[in-house]
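**Q** pasting the structure only:
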């Protein structure tokens with residue numbers, strides 16, 4: 001079985017364009033490309049927009065995105081994304097409601113990679 005750290009080491013050797021291609025390919029499910037719902041509005045059930053967006057981010061959880069954080073949350077409202085993140089080893093809190101403006105789903109995930117798996121920050125031990 002390939003270990004999580006092997007995936008990360010492989011990703012670290014890739015160029016930005018190769019990583020973006022990896023992200024795009026990972027976002028294709030049943031022949032359809034997944035993308036964040038940036039409206040911030042729920043169409044049917046309460047919370048459906050948030051759940052949809054979190055599920056997309058969770059597509060990459062096997063890489064250990066959450067190992068670096070106490071919490072990592074994306075919020076969208078009227079096309080404006082915001083990130084809420086607190087690192088595991090300290091109380092450094094990141095909130096930015098302007099950083100991802102104009103970014104695609106793929107670009108947002110790439111930036112989250114930079115904040116987590118590419119950050120060289122301490123991570124919690126899981127098992």
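**A** Structure received. Not measured: the values here are computed from a predicted model. Residues are numbered from 1 along each chain as shown.
**Q** the strands in the chain, which residues?
**A** 28-29, 32-33, 69-77, 80-87, 93-96 (DSSP state E).
**Q** Show me the helices in this structure, by range?
**A** Assigned by DSSP state H, the helices in the chain fall at 4-13, 16-26, 48-58, 105-115.
**Q** Return the most buried member of these.
**A** For these, ranked by mean neighbour count under the definition mean count of other C-beta atoms under 10 Å, the leader is helix 105-115 at a mean of 18. Every C-beta, even on glycine, is put in place using the N, C-alpha and C of the backbone.
**Q** I would like the residues contacting that helix, please.
**A** Helix 105-115 is touched from outside by 11, 16, 19-20, 23-24, 27, 34-36, 56-57, 60, 63, 65, 68, 72, 74, 81, 83, 85, 94, 99-100, 103, with contacts defined as C-beta atoms under 8 Å, 6 or more residues apart in numbering.
**Q** right, and the strands of the chain - which one's nearest residue 47?
**A** Of all the strands of the chain, strand 69-77 sits nearest to residue 47, with 12.1 Å by C-beta to C-beta.
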